[in-house]
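Chemist: Got a sequence here, can you model it:
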Amino acid sequence: MDAKTWRGVQSLLDDYAAVTADDFVLVAYATDSAEPAAWVTTALELRQVPHRRVWMNPLHDEGFQDRLLQAMPAPDEVAGHVVVISLERDTLSHHNAVMTALAPFPPSRRKMFRAINASAELFSKTLQAPPELLASLNTAVLERCFAARRLRIRTRGGSDLEVELDNRTYRWVSNRGSAREGGIVVLPAGEIATFPAKIDGVLVADFAFNVNLITRRDARLDAHPVTVWIEGNRAVRWHCDDPEKLDFLNECFRKYCVCHVGELGFGTNVGVDESIHLNSHINERRPGVHLGFGQHNQDPAVAGYSCHLHLDLIAQGGEVWFDDDPVPLDLERVEPSRNPHPVGPRDEDAFTPEGGVDQEIEEADCCGVLGCDGLILADDQQAIAEAASRA
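Modeler: Residues are numbered from 1 along each chain as shown. Below you'll find the predicted structure:
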């Protein structure tokens with residue numbers, strides 16, 4: 001572990017979780033995230049903060065809830081907060097089990113941080129940006145979007161998109177690394193997103209993709225950008241000069257409703273300076289524009305359809321013109337807002353496959369990994385087998 005990764009561990013405990021000596025921290029981790037879990041617990045040991053680790057098998061683990069309940073203290077044994085930090089590489093699992101274990105604690109005394117894509121890059125890149133900064137950056141972009149009806153988006157890679165917003169009908173999501181009392185923080189953070197009322201044009205995704213499937217494909221697109229032509233909110237044509245990535249796109253877009261543009265997103269995490277191999281939300285947080293095809297982040301009755309697959313195609317940077325304002329917003333050079341973060345947007349944009357009692361997580365379900373339900377691409381079955389064998 002290098003110094004920057006270790007600083008990210010400290011940021012998780014200090015800037016995000018605000019852990020004190022009076023708190024109790026429970027670190028739940030999948031086998032694929034044992035090393036990051038060791039970094040976090042080492043930091044807790046050095047701080048002499050009470051904590052326990054609980055192992056879990058991703059997606060399906062009948063014994064996890066019992067292990068979790070055994071590790072959880074009673075409310076009168078904790079002077080401060082109970083803090084749950086879960087670490088997984090590809091999934092967000094066992095939401096119901098975690099909420100059951102936390103039920104004895106009132107919302108004011110519990111914090112939950114659910115990290116997907118647990119890796120060195122989660123700490124060395126995304127956690128370098130504190131939540132206060134992400135909140136101010138998200139606010140700055142939201143303020144411009146709330147006041148606009150039309151957007152023109154261009155990127156240096158060749159994207160040229162015309163978008164119409166309907167902010168009365170479609171809600172925004174703002175993942176900024178903090179949650180309402182008793183809520184859940186999904187990490188990595190740093191994004192705002194909504195459903196475009198209308199979108200046409202060309203997207204050139206020259207940074208990375210992120211899909212809600214377990215895959216070991218190289219997610220980077222800088223060497224082989226993906227171009228998608230969009231008409232009337234639908235992808236009508238797509239191309240990539242890498243044959244394997246083109247096959248991957250064909251597999252995705254053949255699924256039910258995946259041609260629909262379900263998300264217009266703007267990444268805001270300034271710590272993400274380069275794309276990484278891992279299929280990840282880390283890439284999605286890159287400052288710039290991305291479009292999500294397939295599943296959306298709205299109520300199905302509002303969006304008019306529902307889809308099992310969500311494919312994000314991410315561009316590097318971008319400039320946004322709002323209505324008739326001749327001066328664009330450079331998404332890589334956003335000036336943080338000094339205003340409070342608005343209360344309207346939902347907090348998170350990922351979910352657990354089982355659903356759960358938390359309404360925020362149930363509603364904003366566009367990006368959660370779905371697991372072994374027939375949606376895994378044929379040549380990704382090995383990744384599923386590897387995940388199961390690690391149990």
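Chemist: If you drop the residues flanking it in sequence, what lies closest to residue 246?
Modeler: residue 240 (4.6 Å; C-beta to C-beta, 6 or more residues apart in numbering). Any C-beta I mention is one placed from the backbone N, CA and C, and that applies to glycine too.
Chemist: One more: residue 7?
Modeler: Nearest one to residue 7, counting by C-beta to C-beta, 6+ apart, is residue 128 at 7.0 Å.
Chemist: pLDDT score for that neighbour?
Modeler: Looking at residue 128, its pLDDT is 98.
Chemist: Residue 133 now?
Modeler: 98.
Chemist: And the residue nearest to residue 7, its phi and psi?
Modeler: Here is the backbone geometry of residue 128 (degrees, to the nearest 10): phi -70, psi -20.
Chemist: what do you get for the one 3 residues further on?
Modeler: Dihedral angles of residue 131 (phi, psi; degrees, to the nearest 10) stand at phi -60, psi -30.
Chemist: re the thing from before, can you pull the pLDDT of the residue nearest to residue 246?
Modeler: So, for residue 240, pLDDT stands at 98.
Chemist: Same check on residue 346?
Modeler: pLDDT, residue 346: 88.
Chemist: Could you tell me how many residues sit around residue 325?
Modeler: 13 (other C-beta atoms under 10 Å).
Chemist: which SS state does it fall under?
Modeler: coil (DSSP: H, G, I helix; E, B strand; the rest coil).
Chemist: what's the distance between it and residue 319?
Modeler: Distance of residue 325 to residue 319, computed by C-beta to C-beta, to the nearest Å: 12 Å.
Chemist: Please apply the same query to residue 148.
Modeler: Distance, residue 148 to residue 319, by C-beta to C-beta: 14 Å.
Chemist: ok, the residue nearest to residue 7 - how many residues close by?
Modeler: By other C-beta under 10 Å, neighbour count at residue 128 equals 19.
Chemist: Ok, residue 304 next?
Modeler: Residue 304: 11 neighbours (other C-beta under 10 Å).
Chemist: go on, residue 258?
Modeler: Around residue 258 there are 22 residues (other C-beta under 10 Å).
Chemist: wait, doesn't it sit right on residue 313?
Modeler: No - applying C-beta atoms under 8 Å as the test, residue 258 and residue 313 come out as separate, 11.5 Å apart.
Chemist: Now for those two: what residues contact both?
Modeler: residue 293 (C-beta atoms under 8 Å, 6 or more residues apart in numbering).
Chemist: quick revisit: got a list of what the residue nearest to residue 246 touches?
Modeler: Contacts of residue 240 by C-beta under 8 Å, 6+ apart are 221, 224-227, 246, 249.
Chemist: and the gap between it and residue 223?
Modeler: The value you get for residue 240 to residue 223, if C-beta to C-beta is used, is 10 Å.
Chemist: Can you pull the domain assignment for the chain?
Modeler: 3-124, 129-372 (automatic domain parsing).
Chemist: Right, I'll leave it there.
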